[in-house]
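>>> Return a 3D structure for these sequence lines:
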Amino acid sequence: MEKSFAELLKFYKEVDKLTSVLNEKHKDRLKCRAGCFSCCVDEITVFEVEAEYIKSNYHNLLINETPHPKGYCAFLNDKGECRIYEHRPYVCRTQGLPLRWIEEINEEELYEMRDICPLNEEGEPIVNLKANDCWTIGHFEEKLAMIQRNYNSLSNNKANMGRIALRKLFKSDNF
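Reported below is the predicted structural model:
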């Protein structure tokens, strides 16, 4: 597991380096701050390697504390702040940024899609942004999937690529 966590930390460091550039570039439009949690919904899921990493760093929280009420992320505190921010999963590290991805319409046609949190729409329309001024979805998700596959092989897991809801990490999700 240590090798997988080292890979994950290296991955997070690379993501954080690139997102910090985008955060600086878009600082005037980004409204994301501690206490802003409209993106922090209950449906967020992570690969098992990320779930295990969170569990290894927050054992007491997961056993002794209560998850945030259903509807928002279980890791929010009563002020809407993230209780695991330092060890937050990949998906949380890119929230709020202008996003872009490529969808395949058919075998010969690709279409670029873009999106941004509605709270961060003010400013240059995202369709006018240069591609490298957006977080491009795809490459890093593949890297994270590879880390999960490596984790599976190290832990003799049967190639489980399923995802785990963050709320399920708490001792009981019946709160």
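
>>> nearest residue to Lys171 other than its sequence neighbours?
Take Lys171 and drop its neighbours on the chain: the residue closest to it by Cβ to Cβ, 6 or more residues apart in numbering is Ile63, 5.2 Å away. For glycine as for every other residue, the C-beta is placed from the backbone atoms N, C-alpha and C.

>>> Which stretches in the protein count as strands?
Assigned by DSSP state E, the chain shows strands spanning 45-47, 99-106, 109-115, 135-136, 163-165.

>>> Can I get these in TSV including distance to Glu7?
As requested, these are exported to TSV (distance: least, Cβ to Cβ, whole Å):
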stretch	distance to Glu7
strand 45-47	12
strand 99-106	24
strand 109-115	28
strand 135-136	21
strand 163-165	18
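
>>> Figure out which of those is closest to Glu24.
Comparison of these against Glu24 by Cβ to Cβ identifies strand 135-136 as nearest, at 13.4 Å.

>>> Output the contacting helices and strands for the closest one.
Helices and strands touching strand 135-136, by 3 or more Cβ pairs under 8 Å, 6 or more residues apart in numbering; DSSP states H and E, are helix 2-25, strand 99-106.
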